[in-house]
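J.: next come a sequence and a model predicted from it.
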Amino acid sequence: MTKYVQHDMKVTPTPEEAARQAFMSSMRMYVLHDLANGMRTAYEAEVEPKFERKNKRAPKNGVEVHRAIKKDPTFKFYSSMRCNAQEMVFRSILPTVERDQDALNKKAKALSRSKKVAGTVETDPKFKVPRSVSAVDVHRMPGNYDTEYGPDDVTQGAVYDNGISVFSMGFFGENLDDIGGSISMFIKNKYPKFAPKRILDMGCTIGHNTVPWAKMYPKAEVHGIDVGAPVVRYGHARAQAAGVPVHFHQQNAEATDFEDGSFDMIFSSMFLHEVPKKGIKKVFKEARRLLKPGGLMLHMELPPNKMLGAYDSFYLDWDAYYNKEPFYKPFRDMDPQAVCAEAGFAKSKFVQYIIPSLGQYGEKVVKAAVKKQSGRADDQTGRFAAGIHWYCFGAWK
Amino acid sequence: MSDAGNGKKPLRYSVRGKDTRFFSGEGVDELVAISMTLAQELWVVKERLAAYETLATKKKIFTTKEIEGFTFTPAQRARMDAESQAFIDRVFFTLRERVEGLAADPDEPPTPKEP
């Protein structure tokens, strides 16, 4: 069920717009469940046996599955409808955002100037947005994170907030903060003596998963960075509306202007798969530079291909080929432990967790997961389905 | 979309560099997109009708203002969402039918080959 944006930056859809938006949540559910299951059935019943007859073995990896399934009609319908559904999600919210654009910009300005909450925001008119963001409409979102329609514009923040509200079918929680909420609760309970004084969220977009860290560690100074000016402006207004002080900056996580050893905790969510491989290596080195000794770097992501079977690898890599996520597969082909080690983190300090969703399972289960791993890596890890878990990895410095 | 001539820069609705195609037959990808949009628009009509019916039952009489201001309760919303799932399944039944057809009885007499 769609959880519409409810905070102070909410928009006001007409009944027809709201119906279109609700329909898109249902349509995505149909594509990601019914059609996806149908495609897997067709693979197991027809595509895989055919491959085995021809090659005298099963497909070894996602690429071989992809090659084998490409001509199957279930793949074509699944893919075609999933692409269309992705675009229709954004088209369903764009007229509402467009109509409310002026009001949103005014509200954002007022919230940003409000002294009731101590958050801040900094954007840089000379900032060079990397090509990986400026040249592509990532996950088919027209305008991406960086398009500005005027001075101090927040439009793309609203497009993203409302778009992922429809897109996530409720799986991201009431405030789209389930990832940050689940993981911060897990870390707080797993490492009760760890009390970060400064926390940085890299690639934070609208700060929906930054705010939970500030709530979990209220004494910490929390910062969020992103290359998109509209999303950090919107994120600041959104955090101010929630009464949570967060400091937003338009900065590139590959090279920030923070001092060495200035953070105890560095987090990111659904960020690395949108960064080119070279950039990811820089991000890890930068995170290591910014961390104090004893600090923790933790990235929430889709599980790497090495943790998955051939079909699940194909299924998750689909986005790289068809959803305007060109860096998705190269990232998922990387070995998380090796990337951390390459950036200078000791192999013995590597950590990875599969954490139950706070929204779906509740506090008790998340806390219990501290002692016993409850999830496993498969095509549903980090995906929208009953039983959702979040995968994350990183290292202590 | 923005009204032309109001001086505002219109929001972009299209995705840059759209080039993804899955079907070799000409126009099939476009037909899928059009069918999905038709399904969405039909759903809008169905939802509007449900709103009318709910109000008509409740009040016996209604005004346009009442209709414009109508929103479903969470329980009604959940029911509508479930109905929309069933609706989608009906519209795209041919896709489910193909998958279910894979479980056909192996003893089923084969269809004669086309001449």
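T.: Perfect, I can see it now.
J.: let's verify residue 21: helix, strand, or coil?
T.: Went with chain A since none was named. helix (DSSP: H, G, I helix; E, B strand; the rest coil).
J.: the intended chain is chain B.
T.: Applying three-state DSSP: residue B:21 is coil.
J.: contacting residues for it?
T.: By CB atoms under 8 Å, 6 or more residues apart in numbering or on different chains, the contact list for residue B:21 reads residue B:29. C-betas here are computed from N, CA, C, even on glycine.
J.: give me phi/psi at it?
T.: Dihedral angles of residue B:21 (phi, psi; degrees, to the nearest 10) stand at phi -130, psi 150.
J.: and what of residue A:355?
T.: According to degrees, to the nearest 10, residue A:355 has phi -110, psi 130.
J.: residues contacting it?
T.: A:182-183, A:186, A:366, A:369, A:375, A:389-392.
J.: please name whichever of those scores lowest on pLDDT.
T.: Lowest in pLDDT among these is residue A:375, which has 51.
J.: what ranges do the helices span in chain B?
T.: B:28-59, B:64-68, B:74-91, B:93-101 (DSSP state H).
J.: closest to residue A:105 out of those helices?
T.: helix B:64-68 (25.8 Å; CB to CB).
J.: for residue A:200, helix, strand, or coil?
T.: Residue A:200 ends up strand, using three-state DSSP.
J.: could you measure from it over to residue A:276?
T.: According to CB to CB, to the nearest Å, residue A:200 and residue A:276 sit 21 Å apart.
J.: cool, and residue A:245?
T.: Taking CB to CB, one finds residue A:245 at 33 Å from residue A:276.
J.: next one: residue A:389
T.: 27 Å.
J.: neighbour count for those two, which is higher?
T.: residue A:389 (25 against 16; other CB atoms under 10 Å in any protein chain shown).
J.: picking that back up, would a markdown table of the contacts of residue A:355 with distance to chain B and secondary structure be doable?
T.: Listed next are the contacts of residue A:355 as a markdown table, based on distance: CB to the nearest CB, whole Å; DSSP: H, G, I helix; E, B strand; the rest coil:
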| residue | distance to chain B | secondary structure |
| --- | --- | --- |
| A:182 | 24 | helix |
| A:183 | 28 | helix |
| A:186 | 29 | helix |
| A:366 | 25 | helix |
| A:369 | 29 | coil |
| A:375 | 26 | coil |
| A:389 | 24 | strand |
| A:390 | 24 | strand |
| A:391 | 27 | strand |
| A:392 | 30 | strand |
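J.: residue A:165: how many residues sit nearby?
T.: Quick note: residue A:165 (other CB under 10 Å) scores 24 neighbours.
J.: name the member of the contacts of residue A:355 with the most neighbours.
T.: Neighbour max across the contacts of residue A:355 (other CB under 10 Å) = residue A:182, 29 neighbours.
J.: please name the nearest non-neighbouring residue to that one.
T.: residue A:358 (4.1 Å; CB to CB, 6 or more residues apart in numbering or on different chains).
J.: dump the residue contacts of the one you found.
T.: A:173, A:178, A:181-182, A:185, A:366.
J.: how far away is it from residue A:298?
T.: 16 Å.
J.: re the thing from before, the contacts of residue A:355: which two are farthest apart?
T.: A:366 and A:391 (14.5 Å).
J.: may I have the secondary structure class of residue A:142?
T.: coil.
J.: that one touches residue B:11, doesn't it?
T.: Yes. Assessed by CB atoms under 8 Å, residue A:142 is found in contact with residue B:11 at 7.4 Å.
J.: what touches both of the two?
T.: Common neighbours of residue A:142 and residue B:11 (CB under 8 Å, 6+ apart) are A:94, A:159.
J.: now the angle from the strand or helix carrying residue A:285 to strand A:198-202?
T.: Secondary structure assigned from DSSP states H and E places residue A:285 in helix A:277-290. With axes from the mean of the first three to the mean of the last three CA atoms, to 10 degrees applied, the angle from helix A:277-290 to strand A:198-202 works out at 180 degrees.
J.: helices or strands up against helix A:277-290?
T.: Helix A:277-290 is packed against strand A:198-202, strand A:263-269, strand A:291-301, helix A:328-333, helix A:336-342, with contacts defined by 3 or more CB pairs under 8 Å, 6 or more residues apart in numbering or on different chains; DSSP states H and E.
J.: mind checking these for the one nearest to residue A:53?
T.: helix A:328-333 (27.7 Å).
J.: what sits up against that closest one?
T.: Contacts of helix A:328-333 (CB under 8 Å, 6+ apart): A:272-277, A:280, A:301-305, A:313, A:316-317, A:319-321.
J.: avg pLDDT for stretch A:316-323?
T.: 92.
J.: ok, and what's touching that stretch?
T.: By CB under 8 Å, 6+ apart, stretch A:316-323 touches A:62, A:66, A:79, A:82-83, A:86, A:139-140, A:302-303, A:305, A:308, A:325-330, A:332, A:379, A:383, B:20.
J.: now for residue A:8: which residues touch it?
T.: Here residue A:8 is in contact with A:107, A:111, A:237, A:241 (CB under 8 Å, 6+ apart).
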